[in-house]
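> The amino acid sequence is not available; the structure is as follows:
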Ligand SMILES: NC(=O)c1ccc[n+]([C@@H]2O[C@H](COP(=O)([O-])OP(=O)(O)OC[C@H]3O[C@@H](n4cnc5c(N)ncnc54)[C@H](O)[C@@H]3O)[C@@H](O)[C@H]2O)c1
Ligand SMILES: O=P(O)(O)OC[C@H]1O[C@H](O[C@H]2[C@H](O)[C@@H](O)[C@@H](O)O[C@@H]2CO)[C@H](O)[C@@H](O)[C@@H]1O
Ligand SMILES: [Mn+2]
């Protein structure tokens, strides 16, 4: 492939996670040597605010690494070996719409799940394809894009449909975060856990949790029956996520496993299996987007301004599993380490009773030529049916984006488990088309042409 030191570009350099990821890169420099780090963003002002913090993180560890900040894709990607993608198309203001519009109709309002996730997907698929084309035009021909940009399930399906040969690996830190919590509960480092897992992104289950070859899922089951997937002192498990909404998310593993104890669910399944309880506790005027804008984003940007003024950088960002995981995956790609990670891959029979072309999230060995998924085999009818419905909703959303089809978008919304009726789906979709008029031109046109009433 290519030899270190590498050129690494971060697409979405203005992200609140950029300092944490760069810190993780610095800590692992010995194992992932870098010649240059480049930040790329379409919002130069946002990125320029974050950049001095990132440069400080780099210079605390290295004087030799070149640091580039740009909104020019040719400068960003020329000769790059790795691209970490973490775009939020529409930024937090659109996340707030994604979460608040469904809630106005009594439906789950969430970043990547339900109508919010579908809307986010409709905004993100084509910018992701554009990013791939830019990277393929300018970067090293064997460059890898490691993608965090959400909604990862829909982005991954869009890339499968539109750029099937692209060197893109879609990843999610949620299962790793769950493994971090498991480790805290079991008293072992998360790196010692070997898990079996199957599902779609943000819609899956752990089936085994091995420590030195012994399945510790029974012990976790007993703990979860009392506390959910958190240690008794929640703040100790995940300091970055002591926000009430996150503690509730980890606690909600309990009611799900009280009913279905065999497998340990991804926390996101709460939105699909307990939508009414979720809506009951969501504040339609103050959602997770507001918590993040007033929390993580505000804290980082305030620290960046203070650093600019005083040269003192306060403790304003977090590395955590988010920063560690993407560097672990990149190392395995770079050096053909064959590390076993949960990543998104085309099924191709890994789960025998799901469609061959489904994008699934399963353990895989990460090689320089990409992931080699493990064989899961047949999943139980209950999980297969839930997965099939969610998969159809996501695949129809992607087709709606590609074809500019209002009807397929409505089918995708109607099929989603968080949406109770076709009328709810239509009311939410029509409001979202209005809110996304700057992002969904094709769908806007289909809607205005009255495609929905043509039949
Ligand atoms: N996959 C996962 O498990 C996981 C975990 C955490 C965050 N994320 C995702 O990472 C992304 C960043 O999260 P955040 O909270 O830091 O968002 P953020 O809004 O703080 O930063 C995102 C950045 O992307 C930029 N951007 C938007 N469109 C772009 C484009 N077309 N090209 C280049 N840059 C573009 C924005 O200007 C912004 O600076 C989001 O998509 C989020 O959902 C994913
Ligand atoms: O509400 P946010 O923006 O804080 O988080 C949304 C993301 O949540 C997951 O990632 C979490 C992870 O689960 C948590 O333990 C910690 O590591 O932080 C991560 C980022 O907040 C989820 O995997 C992402 O897809 C969401 O975007
Ligand atoms: Mn995720």
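Now that the structure is in, tell me what you want to look at. Worth saying up front: this structure is predicted, and the values here are computed from it rather than measured. Ligands and ions are numbered 1, 2, ... in the order given.
> does stretch 76-87 come close to ligand 1?
Yes: using Cβ under 6 Å from any ligand atom, we find that stretch 76-87 touches ligand 1 at 86-87. In this view, the C-beta of every residue, glycine as well, is placed from N, C-alpha and C.
> can you check stretch 147-163 too?
Yes: using Cβ under 6 Å from any ligand atom, we find that stretch 147-163 touches ligand 1 at 148-150, 152.
> and stretch 57-64, which residues are buried?
By neighbour count on 16 or more other Cβ atoms under 10 Å, the buried set for stretch 57-64 is 57-58, 62.
> again, but for stretch 24-39
By 16+ other Cβ under 10 Å, the buried positions in stretch 24-39 come out as 24-26, 28, 32, 34, 36-39.
> got a markdown table for the residues you listed, with distance to residue 52 too?
Below are the buried residues of stretch 24-39 laid out as a markdown table (distance: Cβ to Cβ, whole Å):
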| residue | distance to residue 52 |
| --- | --- |
| 24 | 19 |
| 25 | 17 |
| 26 | 16 |
| 28 | 22 |
| 32 | 23 |
| 34 | 19 |
| 36 | 17 |
| 37 | 14 |
| 38 | 15 |
| 39 | 11 |
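> returning to that earlier point: and the residues of stretch 147-163 next to ligand 1, which is closest to ligand 2?
Minimum distance to ligand 2 across the residues of stretch 147-163 next to ligand 1 is 5.0 Å, recorded for residue 150 (Cβ to the nearest ligand atom).
> Quick check: the closest one touching residue 120?
Yes: taking contacts as Cβ atoms under 8 Å, residue 150 lies within contact range of residue 120: 6.5 Å.
> more neighbours, those two?
Under the neighbour definition other Cβ atoms under 10 Å, residue 150 and residue 120 were set side by side, and residue 120 has more, 29 against 23.
> State which one residue of this structure is found closest to ligand 1.
At 2.6 Å from ligand 1, residue 14 is the closest residue in the chain, using Cβ to the nearest ligand atom.
> Which of the three states applies to that residue?
coil (DSSP: H, G, I helix; E, B strand; the rest coil).
> May I have the phi/psi pair for it?
Main-chain dihedrals, residue 14, degrees, to the nearest 10: phi -80, psi 10.
> Going forward, the N-terminal residue is numbered 16.
Fine by me, first position is 16 from now on; the one you just mentioned is residue 29.
> What's the local residue count around it?
So residue 29, with other Cβ under 10 Å, has 26 neighbours.
> and it, what does it touch?
Going by Cβ atoms under 8 Å, 6 or more residues apart in numbering, residue 29 touches 54, 56, 58, 61-62, 64-65.
> what's the answer for residue 446, then?
116, 119.
> ok, back up a step: looking at the buried residues of stretch 72-79, which is nearest residue 406?
Proximity of those to residue 406 (Cβ to Cβ) peaks at residue 72, which lies at 39.3 Å.
> So that closest one sits against residue 36, correct?
No: Residue 72 is beyond contact range of residue 36, at 9.6 Å (criterion: Cβ under 8 Å).
> Make JSON lines out of the buried residues of stretch 39-54 and add secondary structure and distance to residue 306.
Converted to JSON lines, the buried residues of stretch 39-54 look like this (DSSP: H, G, I helix; E, B strand; the rest coil; distance: Cβ to Cβ, whole Å):
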{"residue": "39", "secondary structure": "helix", "distance to residue 306": "24"}
{"residue": "40", "secondary structure": "helix", "distance to residue 306": "27"}
{"residue": "41", "secondary structure": "helix", "distance to residue 306": "28"}
{"residue": "43", "secondary structure": "coil", "distance to residue 306": "30"}
{"residue": "47", "secondary structure": "coil", "distance to residue 306": "32"}
{"residue": "49", "secondary structure": "strand", "distance to residue 306": "33"}
{"residue": "51", "secondary structure": "strand", "distance to residue 306": "35"}
{"residue": "52", "secondary structure": "strand", "distance to residue 306": "29"}
{"residue": "53", "secondary structure": "strand", "distance to residue 306": "31"}
{"residue": "54", "secondary structure": "strand", "distance to residue 306": "26"}
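> returning to that earlier point: just the buried residues of stretch 72-79: which are in helices?
Cross-referencing the buried residues of stretch 72-79 against helices under DSSP state H gives 72-73.
> which one of the buried residues of stretch 72-79 sits closest to residue 185?
Comparing these against residue 185 with Cβ to Cβ places residue 72 closest, at 25.7 Å.
> ok, now which ones touch that closest one?
Residue 72 neighbours (Cβ under 8 Å, 6+ apart): 34, 37-38, 41.
> could you say which helix or strand contains the residue nearest to residue 178 when sequence neighbours are not counted?
Distances taken as Cβ to Cβ, 6 or more residues apart in numbering place residue 147 nearest to residue 178, at 5.0 Å, with adjacent residues excluded. Taking DSSP states H and E as the definition, residue 147 sits inside helix 129-153.
> That helix: what's the following helix or strand?
With secondary structure assigned by DSSP H and E, helix 129-153 is succeeded by strand 159-162.
> Are that following strand and ligand 2 in contact anywhere?
No: judged by Cβ under 6 Å from any ligand atom, strand 159-162 makes no contact with ligand 2; its nearest approach is 11.3 Å.
> And for the very next helix or strand once past that strand, what's in contact with it?
Sequence-wise, the next helix or strand downstream of strand 159-162 (DSSP H and E) is helix 167-177. For helix 167-177, contacts defined as Cβ under 8 Å, 6+ apart pick out 127, 132-133, 135-136, 139-141, 143-144, 147, 162, 164, 181, 183, 185-187, 215-218, 359, 361, 372, 374, 376, 409-410, 412-414, 416-417.
> just to revisit the earlier point, now go through the contacts of residue 29 and say which are in strands.
Those of these mapping onto strands are residue 54, per DSSP state E.
> Out of the contacts of residue 29, give me the one that has the most neighbours.
Highest neighbour count within those, by other Cβ under 10 Å: residue 54, with 26 neighbours.
> For residue 105, give me its contacts.
Counting by Cβ under 8 Å, 6+ apart, residue 105 makes contact with 112, 135, 138, 451, 454.
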